[in-house]
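Participant: Curious how this folds, go ahead:
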Amino acid sequence: MLQIDRRTKTPYYVQIYEYYKGEIEKGRMCPGTKLPSMRSLATFTGLSKLTVENAYSQLVDEGYIVGRRKARYCVADLPLKKYVPTISPAPEAAVKKRQYMYDFASGDVDLDGFPLVLWRKYMNRVLSRPDMLLAGQDEQGAPVLRETLSRYVYEKRGVYAAADNIIIANGVTTLLRILGHLLRLTHRRIGVEEPGFRLAREIFRSGGYEIVPLPVGEKGFDIDGLKAEKASLAYVTPSHQFPTGKVMSAGERHKLLQWAEATDGLIIEDDYDSELRYEGRPIPALQGLDRNNRVIYLGSLSKVLPFFVRISYMVLPNRLMGRYYEEQALFRQSASVPEQCVVAEYIHDGEMDKQIRRLRRLYQEKGKKTEHLLRQYFGDAAGVSPVVSGIHCQLALTSSLTEAELTEAAKREGCLVLPMGTFYERPADLQVRRFLLSFAKIREDMLEEAVAALHRAWMTGGNGNG
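Facilitator: Below is the predicted model of the structure:
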């Protein structure tokens, strides 16, 4: 872009002339490319029209540009070498992501189980309502969606949430960054599940928090360890612990709430995967038991809506709302307003309930099939967890190879997998290698060939001990 240097002694018309001459000779301006009109270039540069005219006249005289009657000057057709931009080699991390035939690592919704035609209908309806879009311009989130979610989370999860206490964003990670900022002055140590959601740990670590990993045992989160470590924040997934799938018992939930009250602490409840439970009654949210404003509730629709719809929400207790409003100018709304309005309509019309029922049927069938195929192919060589909720199946394999080596072996067979070691702050070096295998994104008719490929990777060619 042309920049006029007002500190040099070089005349302004010469600077314009040299700029366009250089661009043309280097081939960055192709034959026929139009130059700005003299009036517009004079306005852009803050120079007189006569200065621009002198520069263009010099370019015409030397044959770089040509003029037509009552038309803008354009680049002449010169026998110049075609310009090829210099591209530096991309760093290894930036190389295009490899595509895998069987993605056991993704939690994205299977598009076969989503009515795209219906979604388009709702989007068209919203886009034809400018009044709705204008009303949705709120940094805290579209009011229509917050009102809808207030009723929805109470009915489905037993969460008490006034619309004014709900903050919407384009993902849980964005909400965690907001939380990290809000709590930075009053809390410095946070207890996290071990194993647990790695990205949450890293977000708080980058915000200057001290991470205190606490093991997830048979009873769930180690609350006694939380007390001993004197952490004032706890990040938990009580209804469906990620990645083990354990459920925190009612007794442990009350114990955790008592800890928060006794220590002036706060609990961050990530209600991960709560909609996708296949056996027994739905597990209510911890927040519904809270009577002292100690629980910050995080919800996401990412497991029931497609990957391109990124809507998550947070329910802040009253004690934090004043702090949020003080800092609100720093938190720009990151979720698409039309998508927020569509989700509100989708929930209001009952389509979200239909979608969840549809996915439960689909994923329950896929989960049972995945579990059966893993047992069939691996036999006694691996332990396979039953799928009672969510979109993952755990596989424990005894092998002399490390999780990293097994992961690479799987990739060579076209399988992308998630080793459980990545969810630990302090991974243990055990002979049993554990993997979290998602069946969400693999088509049901491809599940057997996907499991067969995984078996080839780990049980042939010396990769496994079976």
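Participant: Where does the prediction get shaky in the stretch 151-300 of the chain?
Facilitator: Where the stretch 151-300 of the chain drops to pLDDT under 70, the residues are 278-281.
Participant: Would you agree L133 is in contact with E339?
Facilitator: No - contact status for L133 versus E339: not in contact, 11.0 Å apart, counting by CB atoms under 8 Å. In this view, the C-beta of every residue, glycine as well, is placed from N, C-alpha and C.
Participant: which one of these two has more residues nearby?
Facilitator: Applying other CB atoms under 10 Å to L133 and E339 shows that E339 carries more neighbours, namely 23 against 16.
Participant: Quick check: that one vs G136, distance?
Facilitator: Here E339 is placed at a distance of 10 Å from G136 (CB to CB, to the nearest Å).
Participant: swap in K70?
Facilitator: Between K70 and G136 the distance is 47 Å, computed by CB to CB.
Participant: In terms of helices and strands, where is the nearest residue to M29 once chain neighbours are set aside?
Facilitator: The shortest distance from M29 to any residue that is not its chain neighbour, by CB to CB, 6 or more residues apart in numbering, is 4.6 Å, and that residue is E23. Assigned by DSSP states H and E, E23 belongs to helix 12-25.
Participant: same question for that helix, mean pLDDT?
Facilitator: Here the mean pLDDT over helix 12-25 is 92, rounded to a whole number.
Participant: Run through the neighbouring helices and strands of the following helix or strand past it.
Facilitator: Using DSSP H and E, the next helix or strand after helix 12-25 towards the C-terminus is helix 38-45. Under the contact definition 3 or more CB pairs under 8 Å, 6 or more residues apart in numbering; DSSP states H and E, helix 38-45 sits against helix 12-25, helix 49-61.
Participant: Check which residues of the longest one are buried.
Facilitator: By neighbour count, with 16 or more other CB atoms under 10 Å as the criterion, the buried positions of helix 12-25 are Y12, Y13, Q15, I16, Y17, Y20, K21, E23, I24.
Participant: Okay, the fourth one and C30: tell me how far apart.
Facilitator: Distance, I16 to C30, by CB to CB: 19 Å.
Participant: ok, now which ones touch the residue lying closest to L373 once chain neighbours are set aside?
Facilitator: Counting by CB to CB, 6+ apart, L373 lies nearest to V451, which is 4.2 Å off, once chain neighbours are set aside. The neighbourhood of V451, defined by CB atoms under 8 Å, 6 or more residues apart in numbering, consists of T370, L373, L374, Y377.
Participant: What about the third one, how many residues nearby?
Facilitator: Translated: L374. As a burial measure, L374 scores 23 neighbours (other CB under 10 Å).
Participant: so it is in which element?
Facilitator: For L374, the secondary-structure element it belongs to, assigned by DSSP H and E, is helix 351-378.
Participant: which parts of that helix are buried?
Facilitator: Buried, per 16+ other CB under 10 Å, within helix 351-378: 351-352, 355-356, 359-360, 362-364, 366-367, 369-371, 373-374, 377-378.
Participant: by contact count, what packs against that helix?
Facilitator: For helix 351-378, the packing partners by 3+ CB pairs under 8 Å, 6+ apart are helix 337-348, strand 382-384, strand 392-398, helix 447-459.
Participant: Also compute the angle for the third one relative to helix 351-378, please.
Facilitator: Relative orientation of strand 392-398 with respect to helix 351-378: 20 degrees, computed using axes from the mean of the first three to the mean of the last three CA atoms, to 10 degrees.
Participant: can you list the domain ranges for the protein.
Facilitator: Recorded structural domains for the chain (assignment: automatic domain parsing) are 12-75, 102-107+354-459, 114-353.
Participant: now these in CSV, with distance to D5?
Facilitator: Formatted as CSV, the domains of the chain follow (distance: least, CB to CB, whole Å):
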stretch, distance to D5
domain 12-75, 7
domain 102-107+354-459, 52
domain 114-353, 35
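Participant: out of those, nearest to L2?
Facilitator: Each of those was scored for nearness to L2 using CB to CB, and the closest is domain 12-75 (5.0 Å).
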